[in-house]
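**Student:** Here is a sequence with its predicted model. Questions after.
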Amino acid sequence: MAVSRPSRAEQGQASVELVALLPLVAALVALLWQAVVAGQAVWLAGSAARAAARATALGADAPAAARRVLPDRLERGLVVRRATTSAGGGVRIAIAVPAIVGTGRLTTVRARARLQDQGP
């Protein structure tokens, strides 16, 4: 059984198909990476809210406690607001989810946490 050689017109076909698919693969990787960044922001928003609520309950600086939990890129879009209720102090956190391309933001993630005051 003899193996036939590809004709002259077919010789570069695989290379052309690969080059045509590269932008699609790059877009897919970028979308997946953006989803990872957004998921990290959601996860860390809850952690930052709990840290800020602990700090508020102890009478410490809530924004500083929230910033210690976050990486630098998520710190830039952080907003911490104290929310007082009859059951004790709480905090509301808003974090801007950065876009992986450019310097803009994709959306804002919000979280809140509340702990009973622990002061005297």
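**Tutor:** Received, thanks. Residues are numbered from 1 along each chain as shown.
**Student:** need the helix or strand of this structure with the lowest average pLDDT.
**Tutor:** Least confident helix or strand, the chain: strand 79-85 with a mean of 79, by mean pLDDT, DSSP states H and E.
**Student:** which residues touch that strand?
**Tutor:** By C-beta atoms under 8 Å, 6 or more residues apart in numbering, the list of residues contacting strand 79-85 from outside reads 52, 56, 62-63, 66, 89-95, 112, 114. No exception for glycine: its C-beta is placed from N, CA and C like everyone else's.
**Student:** Report the buried residues of stretch 92-106.
**Tutor:** Neighbour-count burial for stretch 92-106 flags 92-98 (criterion: 16 or more other C-beta atoms under 10 Å).
**Student:** Okay, and which of those residues map to helices?
**Tutor:** Nothing among the buried residues of stretch 92-106 maps onto helices, per DSSP state H.
**Student:** Just the ones of those in strands?
**Tutor:** 92-98 (DSSP state E).
**Student:** Including pLDDT and distance to residue 82, could the residues you listed go into TSV?
**Tutor:** Formatted as TSV, these follow (pLDDT from 0 to 100; distance: C-beta to C-beta, whole Å):
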residue	pLDDT	distance to residue 82
92	92	8
93	93	11
94	93	13
95	93	16
96	91	20
97	90	23
98	89	25
